[in-house]
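**Q** sequence? don't have it. structure:
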């Protein structure tokens, strides 16, 4: 149990001081290559951000904490790759399995109980309102990526839905056809330009990704204007709570499907990887206009793995 809780605690401490995609990149590098080989990346983050703060003439009190936070983060997440491989797309399977075990520990001790309580306490109307808000905050990313992909009709629809539903902060969908907008992320945009998929990566906290999809998630995070919105304490509080609430909501919506993979699979890691690739392929094929014959047997769990929230 301690090998699961200690990394979580240290990761939380580091993230409290230096939130952002650098934490994810550092943690994954630590998982795959160990602490020593991650030192150059860590130093680049520390001195790069310090220089940026200095050039912008801002206070450096948070930047001065970066070395300690980075060291804690990498100490928490450092391990070495294993030679065990069962899929050519997964060259880091040894460390990926360790990250998967860590994520399953978080799910068992925190996310699953929270999702179960959420299902039992929150009425359907409340759950639907939260889901609507989460979808609404992702619409700017869909507009951005649809434009890059040349899908201007989808970009226009997502913009219209965002503006109309902003009257209720997205809690109530006021449009005639909520499913008219097709969610798009930067990973799909990269795929539309034939960027290679890269290796399979099981990232602590974030879950399954490929090199391309992880890059897309980072870009979507830093380019979403909702992250920079200054519209009062209420909106800021909603934005702060969005990631954990979205995780609990999605886990609750797919409670049985997720538990079936977690508890009834001979190899939950391998099945999760397979389902991730199936779900991701369906999204990519839809983006580039290819038909998909995805089976519906594990469709719900695929949507959980592919949920961009």
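**A** Nice, I can see it. On a predicted model such as this, the values are computed, not experimentally measured, just so you know.
**Q** now for this protein, the helix or strand with the poorest mean pLDDT.
**A** Ranking every helix and strand in the chain by mean pLDDT, DSSP states H and E puts helix 66-77 at the bottom, with a mean of 48.
**Q** quick check: mean pLDDT across stretch 247-256?
**A** Here stretch 247-256 scores 92 as its mean pLDDT.
**Q** stretch 29-43 now?
**A** Across stretch 29-43, pLDDT averages out at 69.
**Q** what sits up against stretch 208-223?
**A** Residues outside stretch 208-223 that contact it (Cβ atoms under 8 Å, 6 or more residues apart in numbering): 20-21, 24-25, 28, 89, 141, 144-145, 185-191, 195-203, 206, 227, 272-273, 276, 280, 305, 308. From N, CA and C alone the C-beta is placed, and that goes for glycine too.
**Q** just stretch 193-201 next, same as before
**A** 28, 87, 89-92, 96, 191, 208-214, 273, 276-277.
**Q** weed out the non-buried ones from these.
**A** By neighbour count, with 16 or more other Cβ atoms under 10 Å, these hold 28, 90, 92, 96, 191, 208-214, 273, 276-277 as buried.
**Q** what about the residues you listed, which are in helices?
**A** 28, 96, 191, 211-214, 273, 276-277 (DSSP state H).
**Q** which one of those residues is nearest residue 118?
**A** Of all those, the one with the least separation from residue 118 (Cβ to Cβ) is residue 276, at 23.9 Å.
**Q** pLDDT at the closest one, what is it?
**A** So, for residue 276, pLDDT stands at 93.
**Q** from residue 87, how far out is it?
**A** Distance, residue 276 to residue 87, by Cβ to Cβ, to the nearest Å: 11 Å.
**Q** show the buried residues in the contacts of stretch 208-223.
**A** 24-25, 28, 141, 144-145, 185-191, 197, 199-203, 206, 272-273, 276, 280, 305, 308.
**Q** among the residues you listed, which ones are in strands?
**A** The members of the buried ones among the contacts of stretch 208-223 that map onto strands under DSSP state E are 200-203.
**Q** which among those residues gets closest to residue 164?
**A** residue 203 (34.5 Å).
**Q** isn't that closest one up against residue 99?
**A** Yes. With contact defined as Cβ atoms under 8 Å, residue 203 counts as touching residue 99 (6.6 Å).
**Q** where does residue 160 sit: helix, strand or coil?
**A** helix (DSSP: H, G, I helix; E, B strand; the rest coil).
**Q** residue contacts, it?
**A** residue 175.
**Q** same check on residue 157?
**A** Residue 157 makes contacts with 180-181, as judged by Cβ under 8 Å, 6+ apart.
**Q** and it, what element?
**A** Assigned by DSSP states H and E, residue 157 falls within helix 152-165.
**Q** give me the mean pLDDT for stretch 90-105.
**A** For stretch 90-105, the per-residue pLDDT values average out at 92.
**Q** equivalent analysis for stretch 190-208, please.
**A** Mean predicted lDDT for stretch 190-208 stands at 91.
**Q** and the end-to-end length of it?
**A** From its first residue to its last, stretch 190-208 covers 18 Å (Cα to Cα, to the nearest Å).
**Q** where does the stretch 201-309 of the chain have low pLDDT?
**A** When residues are selected by pLDDT under 70, those of the stretch 201-309 of the chain lie in 226-239, 288-309.
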